[in-house]
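Q: Attaching a predicted model along with its sequence, questions to come.
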Amino acid sequence: LQVPRAPSQPLAGSESRRFTNKHSKKALKASLTLGILLGMFFVAWLPFFITNVAQAVCDCVPAGFFDVLTWLGYCNSTMNPIIYPLFMRDFKRAMGKFLPCCRRPAEPRPSAISLSMRNSNSGPRAATSLKNVL
């Protein structure tokens, strides 16, 4: 038995290819970003965890070397805020809105009231105003 489907209009040939190409580029960029982040994580933290296990088994790791590997892992946490804006345009825009050093002159900083209104999913009410609330 086959269930009848509603006929759908197929996309035009060039429009379909452009749509597919756009999404495959986004997927490739997301995969690249994720690969870089995970690669940096493993390079930074894997030596620490291997050394930690070795220290538990044989107690043969010098304290200075263990400290260096710990700080290598901490450096990974420092690199994340640098990597995200390099590869993610949305992250860069969001950070630019809130950091004074990254804000464009044409973009005013949103006020706390407008942010809370935007995040509460409630628009302005007819009978409620800021003067009435305060």
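A: Received the coordinates, thanks.

Q: Low-confidence bits of this protein, can you list those?
A: Low-confidence segments of the chain (pLDDT under 70): 1-19, 102-134.

Q: residue boundaries of the helices in it?
A: With DSSP state H as the criterion, the chain has helices at 13-58, 63-87, 89-98, 112-119, 130-133.

Q: I'd like these as CSV, with mean neighbour count appended.
A: In short, each C-beta sits where N, CA and C put it, glycine included. Output for the helices of the chain, formatted as CSV (neighbours: other Cβ atoms under 10 Å):
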stretch, mean neighbour count
helix 13-58, 12
helix 63-87, 13
helix 89-98, 13
helix 112-119, 11
helix 130-133, 7
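
Q: give me every residue that touches residue 52.
A: residue 66 (Cβ atoms under 8 Å, 6 or more residues apart in numbering).

Q: Likewise for residue 68?
A: Residues near residue 68 by Cβ under 8 Å, 6+ apart: none.

Q: With the one 5 residues further on instead?
A: Contacts here follow Cβ under 8 Å, 6+ apart; on that basis residue 73 touches 44-45, 48.

Q: any idea which of these is the one closest to residue 98?
A: The nearest member of those to residue 98, counting by Cβ to Cβ, is residue 44 at 26.9 Å.

Q: Could I get the contacting residues of the closest one?
A: Counting by Cβ under 8 Å, 6+ apart, residue 44 makes contact with 72-73, 75-76, 79.
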